[in-house]
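Visitor: Compute the structure for the input listed below.
(one chain, ligands or ions: 1)
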Amino acid sequence: MRIGGIVHSSLIDWEGKIASVIFTKGCNFRCGYCHNPYLVLPHLIRKTRDIPVEEVLGDLEERKEWIDGVVVTGGEPTIHADLPDFIGHLNAMGLLIKLDTNGTNPEMLRYLIVNKLLDYVAMDIKTVIEVSQYQEITGCSVNGITSLITESVEILRSSGISYQLRTTVIPGYHTDEILEQLNRELAADYYVTQPFREGENICFYTDMSKICNGRKAF
Ligand code: SF4
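Guide: Numbers count the residues shown, from 1 in each chain. Coordinates of the predicted model:
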């Protein structure tokens, strides 16, 4: 488990909850609009400190009476094989857990849900679930990507757990047709869109200006 950051107390990362936010390092996508390049790009990850897991757990232990739960986000938390162990420690403190994920690891997602380690999941739906569209917006070619995303959605739908599917809307990329298709296909889910945030993003370090609406950063 590699942890790159912690926000001690947030009112905006889990609706209705006071939560600490843990940022894991590393991701299997390279979304141009991503505003966490220091958690995603290896040459930037190397420049930042890894916060020892023991330090994070000790910090949460001291403050657990003042928060409802923990949001585990990234990066992409599910690329870490020891994620269940980490969340298990948080559960043992009596903390609720929200997981943010890009949906590429249904096996891990199923394991966490079956073992009752999660209370809420927010999963990205980057765009319509088609290979070419996903490759374009994520800057990556992940084997079996459409099957992985579809399987994760199905796991959430049948889990009984509270979840949210969400799309960050990139001006100039997400056309009305794409958004209409997503709203149609996800009509039965709790589906939300969120605006693209200006700022330092992966486009600044890569050649994906289209995905950032022509803005390289800042
Ligand atoms: S926005 Fe994309 S690149 Fe950034 S952390 Fe999420 S999935 Fe990874």
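
Visitor: measure stretch 131-145 end to end?
Guide: With Cα to Cα, to the nearest Å applied, stretch 131-145 spans 7 Å between its terminal residues.

Visitor: For it, give me every contacting residue.
Guide: 28-32, 102, 104, 126-127, 146, 148-149, 170, 173, 178, 202, 206, 208, 211 (Cβ atoms under 8 Å, 6 or more residues apart in numbering). All C-beta atoms are positioned from the backbone trio N, CA, C, and that covers glycine.

Visitor: In helices, which of those appear?
Guide: Counting by DSSP state H, the contacts of stretch 131-145 place Thr146, Leu148, Ile149, Ile178 in helices.

Visitor: Check which residues of stretch 13-25 are buried.
Guide: Across stretch 13-25, burial judged by 16 or more other Cβ atoms under 10 Å covers Asp13, Trp14, Lys17, Ala19, Ser20, Val21, Ile22, Phe23, Thr24, Lys25.

Visitor: So of those residues, which two are at opposite extremes in space?
Guide: Within the buried residues of stretch 13-25, two members stand farthest from each other by Cβ to Cβ: Lys17 and Lys25, at 24.0 Å.

Visitor: So what's the residue count around Leu179?
Guide: Residues near Leu179, counting by other Cβ atoms under 10 Å, number 15.

Visitor: wait, doesn't it sit right on Val169?
Guide: Yes: between Leu179 and Val169 there is a contact under Cβ atoms under 8 Å: 7.0 Å.

Visitor: so what sits against both of those two?
Guide: In contact with both Leu179 and Val169: Thr193, using Cβ under 8 Å, 6+ apart.

Visitor: how about the residues of the protein near the ligand?
Guide: Cys27, Phe29, Arg30, Cys31, Cys34, Asn36, Val40, Gly74, Gly75, Glu76, Asn102 (Cβ under 6 Å from any ligand atom).

Visitor: Rebuild those residues as TSV, extending it with distance to Glu198 and pLDDT.
Guide: Listed next are those as TSV, based on distance: Cβ to Cβ, whole Å; pLDDT from 0 to 100:
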residue	distance to Glu198	pLDDT
Cys27	20	96
Phe29	20	94
Arg30	19	91
Cys31	15	91
Cys34	13	92
Asn36	14	93
Val40	18	94
Gly74	21	94
Gly75	21	95
Glu76	23	97
Asn102	21	97
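
Visitor: and those residues, which of them are in strands?
Guide: When strands are assigned by DSSP state E, not one member of the residues of the chain next to the ligand lies inside them.

Visitor: Would you format those as a markdown table with distance to Ile51 and neighbour count included?
Guide: Shown next, in a markdown table, are the residues of the chain next to the ligand (distance: Cβ to Cβ, whole Å; neighbours: other Cβ atoms under 10 Å):
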| residue | distance to Ile51 | neighbour count |
| --- | --- | --- |
| Cys27 | 17 | 25 |
| Phe29 | 22 | 21 |
| Arg30 | 23 | 19 |
| Cys31 | 24 | 24 |
| Cys34 | 20 | 26 |
| Asn36 | 15 | 21 |
| Val40 | 17 | 24 |
| Gly74 | 14 | 27 |
| Gly75 | 13 | 27 |
| Glu76 | 17 | 22 |
| Asn102 | 22 | 24 |
